[in-house]
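In: with the input below, show me the fold.
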Amino acid sequence: MNPESALPRTDRARTLIAVALLGFASGLPVALSGGTLEAWCAVSGLSLKTIGFVKLVASAYVFKFLWAPLLDRYSLPWLCRRRGWMVAMQLGAIVTLVLMAGLSPSTSLTGIALLAIVLATFSATQDIVVDAYRTDQLAPQDRGLGAALGVGGYRLAMLASGGMALILADAAGWSVTYLSMAALLCIGLIGSALAPERELARPPQTVLQAYVEPFRDFFSRRNALIWLALILTYKFGNAFAQSLSSTFLLRDGGYSLSQVGWVNKVFALGAAVVGALLGGLVLERWSLWRALMVFGIVQGLCALGFYAVSLGWHSMPGLITAVTAEYLGSGLGTAAFVALLMSLCNVRFSAAQYALFSALDSIPRVFIGPFAGWLAETHGWPTFFIVATVSALPGLLILHYLRSDFAQRDEMHLMPKSV
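Out: Numbers count the residues shown, from 1 in each chain. From the prediction side, this is the model:
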């Protein structure tokens, strides 16, 4: 079913603004159970191997497809089907951040890890309904712009809970930082209140249907397994490079929390916004396959900036170049990737299908941690970033193999060229 007439055109602006705000709400908790938590552990003196295993607390992002069908089937007794779940998860995440603010990895690592698991679970569940809302409510001609706004909001939130959080932690401590992030997450509540929502398709009537039908629908398509392989590998190199980037810059790059934080705030912020918006504009003019290929090459090469720093370019220009390139390339690639995932969903099962797709995308980001820690510790950072660059190739090769499938879907109007 097509969301082409999902909302009256007078509600288009509200929908796009809500998509941007909800993108921010989705991105904010990710770093707080990932990169920022990694930095907190790093300055607390934990070993590389321990930090690598701490990254496993974000496993909920991988396994969220297990409960996503329930969000297609059931509604909470307030607001609408998507918005009700959004509000519940946002409130849960705010409370969890407040609790984390009272602990420290150096003295309460187990408590921090357990709360980080809870935070990741609330965040992953929020992602399910935000992604489903965006997929349901955006008309095909708005997917490029919607993807850009969603990714832009997500990236701004990642910078707020990443670079800005490091600056705040250096100045006021980690407790104040996590309390401030809890307050900032209230932006998501505003987005949930603002978002127009109309039911586009009849929800699954039983739990069995909610679990079986989304998979039956997808796996009946041509080259279904190869499409899943593309989703799994397209951003693998990007995830590899980012997996220990904060630890690398703080320990071996010789940069302080404030230096890394300010570069993230100023240069990465600009690069993330430019990357997301430029990606959205390009998606209005290029075919999706072309955008994915070009942006995939760019984001794969971005690890070379960190490679140069690992070889001795330990200066502020080196830090600025590496971080700016990383966020620009990642923003471009993610804008196209989000448009791809939306185009692959049937709106009757958008929560379940999008959750499956995004969970596959999360596998490298979550489970690469232990291997990444071992590789960096035993073979050094230059080898680490070369491996990260080469890791982008499998996704590009699979994308090349699927070129005719993209063209066929364009002709059948299942994947509009404006996307």
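
In: which stretches in the stretch 1-150 of the chain count as helices?
Out: For the stretch 1-150 of the chain, the helices defined by DSSP state H, counting those that start in this stretch cover 12-32, 35-43, 48-54, 60-63, 68-73, 81-100, 109-137, 143-161.

In: these: lowest mean pLDDT?
Out: Among those, helix 48-54 has the lowest mean pLDDT, at a mean of 78.

In: and that one, what other elements does it pack with?
Out: With contacts defined as 3 or more Cβ pairs under 8 Å, 6 or more residues apart in numbering; DSSP states H and E, the packing partners of helix 48-54 are helix 35-43, helix 109-137, helix 350-379. C-beta here means a position set from N, CA and C on the backbone, and glycine is covered the same way.

In: quick one: closest of those helices to Pro204.
Out: Between Pro204 and the helices and strands packed on helix 48-54, the tightest spacing by Cβ to Cβ is seen for helix 350-379, at 8.7 Å.

In: the closest one vs helix 109-137, what angle?
Out: Using axes from the mean of the first three to the mean of the last three Cα atoms, to 10 degrees, the inter-axis angle of helix 350-379 relative to helix 109-137 is 140 degrees.

In: now helix 350-379: mean pLDDT?
Out: The model assigns helix 350-379 a mean pLDDT of 84.

In: list the buried ones in it?
Out: When burial is assessed from 16 or more other Cβ atoms under 10 Å, helix 350-379 yields the following buried residues: 350-369, 372-373, 375-376.

In: quick revisit: closest to Tyr327 out of the helices of the stretch 1-150 of the chain?
Out: helix 143-161 (7.0 Å).

In: how far away from the center of its chain is the closest one?
Out: 9 Å (Cα atoms, centre = their mean, to the nearest Å).

In: repeat that for stretch 378-396.
Out: The chain centroid and the centroid of stretch 378-396 are separated by 21 Å, computed with Cα atoms, centre = their mean.

In: then it to CSV, C-alphas only?
Out: Output of stretch 378-396 as CSV, limited to C-alpha atoms (Å, rounded to 0.1, in the frame of the first residue of the first chain):
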residue,chain,number,x,y,z
THR,A,378,47.3,-6.3,18.6
HIS,A,379,47.9,-4.7,15.2
GLY,A,380,47.8,-1.0,15.8
TRP,A,381,45.6,1.9,14.6
PRO,A,382,47.0,2.2,11.1
THR,A,383,46.0,-1.4,10.3
PHE,A,384,42.7,-0.8,12.0
PHE,A,385,41.7,2.1,9.7
ILE,A,386,42.9,0.3,6.6
VAL,A,387,40.7,-2.6,7.4
ALA,A,388,37.8,-0.2,8.0
THR,A,389,38.3,1.3,4.5
VAL,A,390,38.4,-2.1,2.8
SER,A,391,35.3,-3.2,4.7
ALA,A,392,33.2,-0.9,2.6
LEU,A,393,33.8,-3.0,-0.5
PRO,A,394,31.3,-5.9,0.1
GLY,A,395,28.3,-3.5,0.2
LEU,A,396,29.4,-1.8,-3.0
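
In: which positions within it qualify as buried?
Out: Buried, per 16+ other Cβ under 10 Å, within stretch 378-396: Trp381, Phe384, Phe385, Val387, Ala388, Thr389, Ser391, Ala392, Pro394, Gly395, Leu396.

In: tell me where the model's unsure across the stretch 151-300 of the chain.
Out: Low-confidence segments of the stretch 151-300 of the chain (pLDDT under 70): 264-265.

In: hang on, the earlier thing: nearest to Tyr61, out of the helices and strands packed on helix 48-54?
Out: Closest to Tyr61 of the helices and strands packed on helix 48-54 is helix 350-379 (Cβ to Cβ; 3.9 Å).

In: and the angle from the closest one to helix 12-32?
Out: Using the same axes, to 10 degrees: helix 350-379 against helix 12-32 is 30 degrees.

In: before we move on, the earlier item: just put the buried residues of stretch 378-396 in TSV and tack on secondary structure.
Out: Shown next, in TSV, are the buried residues of stretch 378-396 (DSSP: H, G, I helix; E, B strand; the rest coil):
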residue	secondary structure
Trp381	helix
Phe384	helix
Phe385	helix
Val387	helix
Ala388	helix
Thr389	helix
Ser391	coil
Ala392	coil
Pro394	helix
Gly395	helix
Leu396	helix
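
In: pLDDT wise, what is the residue lying closest to Arg81 once chain neighbours are set aside at?
Out: Spatial nearest neighbour of Arg81, excluding adjacent residues (Cβ to Cβ, 6 or more residues apart in numbering): Ser75 at 4.2 Å. With respect to pLDDT, Ser75 scores 88.
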